[in-house]
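> 3D model of this:
(one chain, ligands or ions: 1)
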Amino acid sequence: MDRTSGKREVEGRLAGTDTAATRSVTVDGELVSRSRELEDVSFGAIAAADVDGVDADTAAEANQTDRARIQWAAPDGLELVGRGVAARFVATGPERFAAIRRQASRAFDGLEHDGPEVARPRAVGGFAFHDYHAADRTDSDDSDSTARSTPNPQPNWDDFDAASFVIPRVFVVRSDGEGTWLTAVGTDAGEATARLERWHDRIADLPAMQPSGAGPGVAATHRTTAPEEWRTGIEAALERIADGRLTKVVLAQALSVALEGPIDVGATLERLRREYPNCYRFRIGREGGVTFFGAPPERLVAKRGPRVATEALAGSAPRGETPDEDQQHADRLLESDKLRREHELVVDAIRDQLAPLARDLEIDGRTIRKLATIQHLRTPIEATLDGDRHVLEIVEALHPTPAVGGMPPDAAWETIRETEPFDRGWYAAPVGWFDADGDGEFAVGLRSGIATDEAVTLFAGSGIVADSDPDEEWEEVQLKFRPILDELR
Ligand SMILES: C=C(O[C@@H]1C=C(C(=O)O)C=C[C@H]1O)C(=O)O
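Take a look at the predicted model:
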């Protein structure tokens, strides 16, 4: 591998494909990282901090696209907030998973990290639901960003590539029992150390508690899918299911929300932590740009060494008003034939996708996952991999599971593209992190939305199988909008 220092650019195509899978990665020489421990700090305050004057290169030298602002938190796991870009990896097309891995390994191979393992640099980001970025879509009648001023605005995914990760230039991590650490990345030890000290001073000036405040207020909402259109779409999908062309498809809606005031995404995530303590939380964006954020309940994969954990989460019911009513919903989840089929199809697909990569596979019994507004059938799945594998190989094998795509995959993708009147972008796609060893964790980007200053577009979908009722599925989708929508009010 080319270890020469200085500016290194890799551009072009992946051998053997006809798509420009690799756009560019720029790493300014070898990366060096330095860490130091912090007292308790507010991750929201670090995400919100004005960086001008703190880190000359994060702010001034960097153009807007370098002003990354990233947050990630796993339930009972790693919490991370990152600012700026030490390295960026971008790819599109069917080879996007491999392209990201190849780009990242160049950056990680030259990395010299001096600090505890928990504070090591990670690449944080995710993928679009489909191989290609929205801006590449040729049927672009609905992806025109000027449509944003019309009463039925389309989500604007222009900032989001089909695959995009950054190693933040500065980040803070917290993990149970391992303390809180600040890490700064530079191109030599002097730069990393100086950046570390500047940020250490800056963080000392930040409030240790960031008020999570109230929501920005909802001025108006617009649906991309009217109830009649939803019904027509579901009925068309049910015909394909009756024909035997399709077994399951997950169809989604977008809800565009005009806000009364500017949204504070960090504060919104903080409120989501309280309401949904067992969910992931993430935010991927840049200062002045569009931010994708959410509180997904669903793990796509967590990998450490040869061990991976995933889950099937599919089949939903509302929460009850009383314990009795709640139990009735739970009983129906466990007993309904239709819901069992919808769920087992996901378990089977995950088993089939993981088995070729694993030495053993443990599938536990079905349980119920209760969230504040909805409950789901859940089957935990763990495996030991058959050799040295990268978490992105597992992500590629699993995405999209039929919990968010369908079965068979090609017929489901076709149905989704033909039915949904908006671009899914990164909704229902993998979002998370990986490290130099190829370990990492990814959630499914659900219960999510994209925010500009004064508008948020939310996404939610539901699994359609034989016997699905369009009205019930409509209600289920409205429940899945609630986590984010409630925090905007
Ligand atoms: C598609 C979504 O959720 C997925 C679909 C589910 C279902 O159809 O029952 C349940 C959980 C998720 O896997 C969403 O939240 O938008």
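> how close does the residue in the chain sticking out farthest from the centre get to D331?
For the chain, the residue at maximal distance from the C-alpha centroid (Cα atoms, centre = their mean) is D324, at 34.7 Å. Separation of D324 from D331 (Cβ to Cβ, to the nearest Å): 10 Å. (Each C-beta comes from the backbone N, C-alpha and C, glycine too.)
> from the middle of its chain, how far away would stretch 408-424 be?
19 Å (Cα atoms, centre = their mean, to the nearest Å).
> Return the set of buried residues in that stretch.
A411, A412, W413, T415, I416, T419, E420, P421, F422, D423, R424 (16 or more other Cβ atoms under 10 Å).
> Repeat that for stretch 300-319.
Those buried within stretch 300-319 under the rule 16+ other Cβ under 10 Å are 300-303, 308, 310-317.
> Equivalent analysis for stretch 325-340, please.
In stretch 325-340, counting by 16+ other Cβ under 10 Å, buried: D326, H329, A330, L333, S336, L339.
> okay, the fourth one: pLDDT?
Listed pLDDT for L333 reads 95.
> what sits against it?
G315, S316, A317, L339, I368, Q375, H376, L377 (Cβ atoms under 8 Å, 6 or more residues apart in numbering).
> give me the subset of those touching the ligand.
G315, S316, H376 (Cβ under 6 Å from any ligand atom).
> For the second one, what are phi and psi?
Read it as S316. Main-chain torsions, S316, degrees, to the nearest 10: phi -130, psi 150.
> looking at it, it is touching S462, isn't it?
Yes. Taking contacts as Cβ atoms under 8 Å, S316 lies within contact range of S462: 6.9 Å.
> got any residues that touch both of those two?
E476, K480.
> Indicate the residue of the stretch 51-200 of the chain located nearest to the ligand.
Per Cβ to the nearest ligand atom, F129 is where the stretch 51-200 of the chain lies closest to the ligand, at 10.8 Å.
> I meant to write the stretch 201-350 of the chain there.
S316 (3.6 Å).
> Tell me the bridge partners for that residue.
Beta bridges link S316 to H376, judged by DSSP bridges.
> tell me the pLDDT at it?
S316 is given a pLDDT of 96.
> who touches it in this structure?
Contacts of S316 (Cβ under 8 Å, 6+ apart): L333, I374, Q375, H376, L377, S462, E476, L479, K480.
> re the thing from before, could you check which helix or strand contains the residue farthest from the centre of the chain?
helix 323-335 (DSSP states H and E).
> next SSE after that helix?
helix 337-354.
> what is the orientation angle of the helix or strand just after that following helix with helix 337-354?
Under the assignment DSSP H and E, the closest C-terminal helix or strand after helix 337-354 is strand 358-363. Going by axes from the mean of the first three to the mean of the last three Cα atoms, to 10 degrees, strand 358-363 is angled at 160 degrees with respect to helix 337-354.
> name the helices or strands packed onto strand 358-363?
helix 337-354, strand 374-385 (3 or more Cβ pairs under 8 Å, 6 or more residues apart in numbering; DSSP states H and E).
> run the last query once more with 6 Å
strand 374-385 (3 or more Cβ pairs under 6 Å, 6 or more residues apart in numbering; DSSP states H and E).
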